[in-house]
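*Asks:* Give me a 3D structure for the following:
(one chain, ligands or ions: 1)
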Amino acid sequence: MPDEMLHLPMVNNVLERHKGSPGALLPILHEIQAGIGYIPDAAVPEIAHALNLSQAEVRGVISFYHDFRSAPAARHILRLCRAESCQSRGAEQLAAQLRERLQLDDHGSSADGNISLRPVYCLGACACSPALELDGQVHARLSAERLDALLDSCLEDA
Ligand code: FES
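*Replies:* Numbering: from 1, shown residues only. Presented below is the predicted three-dimensional model:
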């Protein structure tokens, strides 16, 4: 049995509890992701059937909201702050550096599952901007060199 199929009892349990409620799709997707860590592709036909939607509609919502994942989370999650204070202190150049070095877009994930990029809009470190959060830890007063060193540490244990 493919791994994704192992999650279907949990998915069906969530669907049973929500399927009669109006606007159930987002709560269903959030609950599945909270329980499994991502939304398995095998769940999409089940969700579509339960809510009388097309699979394309369900997939459209999953891809529209960047918080939803269709695959397990990467080992490292790097969230670069793109809000005003960080922007005024070079966050856009750091974002370009990330895109260039990792060959990923701002929401991208490496094919080997090692790192995912996620923009974030304020980490509460505005006084020490620009800032990012790597695996839950905030790093502030970033420079191109410090960002490179953080990426080195992520890529070393790939
Ligand atoms: S604007 Fe970046 S930490 Fe607040």
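*Asks:* Which residue comes closest to the most centrally placed residue in the chain once chain neighbours are left out?
*Replies:* In the chain, the centroid-proximal residue (CA atoms, centre = their mean) is D67; its distance is 4.8 Å. Sequence neighbours aside, Q33 is the residue nearest to D67 in space, at 7.9 Å (criterion: CB to CB, 6 or more residues apart in numbering). Glycine gets a C-beta too; all of them are placed from N, C-alpha and C.
*Asks:* Following the chain past the helix or strand hosting the one you found, name the next helix or strand.
*Replies:* Using DSSP states H and E, Q33 sits within helix 25-36. Next helix or strand after helix 25-36 toward the C-terminus (DSSP H and E): helix 43-51.
*Asks:* coming back round to it: remind me what the helix holding Q33 packs against, helices and strands.
*Replies:* With contacts defined as 3 or more CB pairs under 8 Å, 6 or more residues apart in numbering; DSSP states H and E, helix 25-36 has these neighbours: helix 8-18, helix 43-51, helix 55-64.
*Asks:* Quick check: E84 vs the ligand, distance?
*Replies:* Look at E84 and the ligand: by CB to the nearest ligand atom, to the nearest Å, they are 6 Å apart.
*Asks:* which parts of the helix holding Q33 are buried?
*Replies:* If you call a residue buried by 16 or more other CB atoms under 10 Å, then helix 25-36 has these buried ones: L25, I28, L29, E31, I32, Q33, I36.
*Asks:* pLDDT and distance to L98 added to the residues you listed, as TSV?
*Replies:* Listed next are the buried residues of helix 25-36 as TSV, based on pLDDT from 0 to 100; distance: CB to CB, whole Å:
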residue	pLDDT	distance to L98
L25	96	32
I28	97	32
L29	97	27
E31	95	31
I32	95	29
Q33	92	24
I36	89	28
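*Asks:* And the residues you listed, which is closest to A48?
*Replies:* Proximity of those to A48 (CB to CB) peaks at L25, which lies at 9.7 Å.
*Asks:* What parts of this structure come near the ligand?
*Replies:* Taking CB under 6 Å from any ligand atom, the part of the chain that reaches the ligand is made up of C81, A83, E84, S85, C86, C122, L123, G124, A125, C126, S129, A131.
*Asks:* How about the secondary structure of the residue lying farthest from the centre of the chain?
*Replies:* Going by CA atoms, centre = their mean, the residue of the chain most distant from its centre is G20, 28.3 Å out. Secondary structure state of G20, per DSSP: H, G, I helix; E, B strand; the rest coil, is coil.
*Asks:* With that, I have no additional questions.
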